[in-house]
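Visitor: The following block contains a protein sequence and its predicted model.
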Amino acid sequence: MPRDQVRRRMVNIAVQEWAYFGLSEMDLTTISEQELTPRDSQGRRRFIRPGFEEASRVADSIAGYWSAAPDSSWILNRQNQNWQREGLGARWRDFWSAAFISWVACESGLGDMSEFNRAIAHHTYIDQAIRARDGQEGDAAYKAYNVGENSINPGDMLCRGSRPEYMNLGQRRPHMGQGARTHCDIVVSIDEAAGEIRAIGGNVRGSVRLKVFPAGRGESGHLAPLPYAGRQIFAHLQLQADPIEMDALNNTPTILNLESLSSTVIVTRSVASRVD
């Protein structure tokens, strides 16, 4: 698709999937490190996941995300074996957040791998965006910037690293092509007055969730995500397309339809009250 349509579709499709998974939010502007990464009495990380019934409901959608990532059939085969042993609601053995991003990108019109290198791991397309920034991949849809270096717009992505915990692109460059535990979310709205950036990602506590990042202006003057709960966004992947409105989330078909349904319910209740 033309790039001017891709940005809008990235937001629309991410919000569509967020709604299907229940419209859950994670407010990172106030959350503590312990709340973000709960641990048991022995200090081991305690994963918070959806219940068995919810996991069963969304299982085929997550499998669909994997279909957009090349060479992922072994993951699906292994998951099927896991389900045969433990039932359809058993948790996914493999992290599916990069598969979610790959599927949204593909559904948004970035079907050519030279535009977006869909993969089972985020670092693959992060590295592609870094190479594009360095003038090595002219067809790439995204270019990588340090946070605060350039303006952020809905349809862009924000990425962090946990192993290693990168602070900027310079720390990733020596590791280009090497595996790293990273995660990216798709920006869907920016509230400059409140100092908040909203973004949607997959496999966030086993679901598709909306995150609210704290944000502020740096020396460059651009709004950028701030550190939160001991974590730091290290890369801003900017889609090479014209910007759209900052509150694009509220203009998506999903949210507009939900608002319409909500208004209908309110009107119906009001009429019923008068009849009574």
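Guide: Arrived safely. Numbering: from 1, shown residues only.

Visitor: ok, now which ones touch the residue nearest to Leu28 when sequence neighbours are not counted?
Guide: Take Leu28 and drop its neighbours on the chain: the residue closest to it by CB to CB, 6 or more residues apart in numbering is Tyr228, 4.4 Å away. Using the backbone N, CA and C atoms, a C-beta is placed for each residue, glycine as well. Contact analysis of Tyr228 by CB atoms under 8 Å, 6 or more residues apart in numbering lists Leu28, Thr29, Ile31, Leu36, Phe213, Pro214.

Visitor: beta partners for Tyr228?
Guide: Arg231 (DSSP bridges).

Visitor: do you know how far it is from Phe234?
Guide: 13 Å (CB to CB, to the nearest Å).

Visitor: I'd say Ser72 and Ile120 touch.
Guide: Yes: between Ser72 and Ile120 there is a contact at 5.5 Å, judged by CB atoms under 8 Å.

Visitor: Do I have it right that Trp103 meets Ala68?
Guide: Yes: the pair Trp103 / Ala68 is scored as a contact, 3.9 Å apart, by CB under 8 Å.

Visitor: And the helices in the stretch 1-150 of the chain, which stretches?
Guide: Using DSSP state H, counting those that start in this stretch, the helices of the stretch 1-150 of the chain run over residues 3-20, 33-36, 52-66, 73-86, 97-107, 122-133.

Visitor: Least confident of the ones you listed, on average?
Guide: Mean pLDDT values for these show the minimum at helix 33-36, a mean of 70.

Visitor: give me the low-pLDDT residue ranges for the stretch 151-276 of the chain?
Guide: Within the stretch 151-276 of the chain, the stretches with pLDDT under 70 are 263-276.

Visitor: swap the cut-off to 50 and go again
Guide: Along the stretch 151-276 of the chain, segments meeting pLDDT under 50 span 266-276.

Visitor: So which residues of it form helices?
Guide: Counting by DSSP H, counting those that start in this stretch, the helices of the stretch 151-276 of the chain are 169-172, 253-275.

Visitor: Just the CA atoms of the shortest one, as CSV, please.
Guide: Extracted C-alpha coordinates of helix 169-172, given in CSV (Å, rounded to 0.1, in the frame of the first residue of the first chain):
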residue,chain,number,x,y,z
LEU,A,169,21.3,3.0,19.3
GLY,A,170,25.0,3.4,19.7
GLN,A,171,24.9,0.5,22.2
ARG,A,172,23.1,-1.7,19.8
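
Visitor: Run through who's touching it.
Guide: In contact with helix 169-172 (CB under 8 Å, 6+ apart) are residues 123, 126-127, 130, 133, 144-146, 161, 164, 166, 180, 234-235.

Visitor: And those, which of them are buried?
Guide: 123, 126-127, 130, 133, 144-146, 161, 166, 180, 234-235 (16 or more other CB atoms under 10 Å).

Visitor: how about those in CSV, adding distance to Ala224?
Guide: Formatted as CSV, these follow (distance: CB to CB, whole Å):
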residue, distance to Ala224
His123, 21
Ile126, 17
Asp127, 21
Ile130, 18
Arg133, 17
Ala144, 14
Tyr145, 10
Asn146, 9
Gly161, 16
Tyr166, 15
Ala180, 22
Phe234, 11
Ala235, 11
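
Visitor: Need the buried ones from the contacts of Tyr228 selected in ChimeraX.
Guide: A single ChimeraX command selects the buried members of the contacts of Tyr228 (16+ other CB under 10 Å):
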select :28,29,31,213,214
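
Visitor: Can you tell me which of the contacts of Tyr228 end up in strands?
Guide: Secondary structure defined by DSSP state E assigns Phe213, Pro214 of the contacts of Tyr228 to strands.

Visitor: residues touching the residue nearest to Ala224 when sequence neighbours are not counted, list them.
Guide: Closest residue to Ala224 apart from its sequence neighbours, by CB to CB, 6+ apart: Gly148 at 3.5 Å. Going by CB under 8 Å, 6+ apart, Gly148 touches Gly218, Glu219, Ser220, His222, Ala224.
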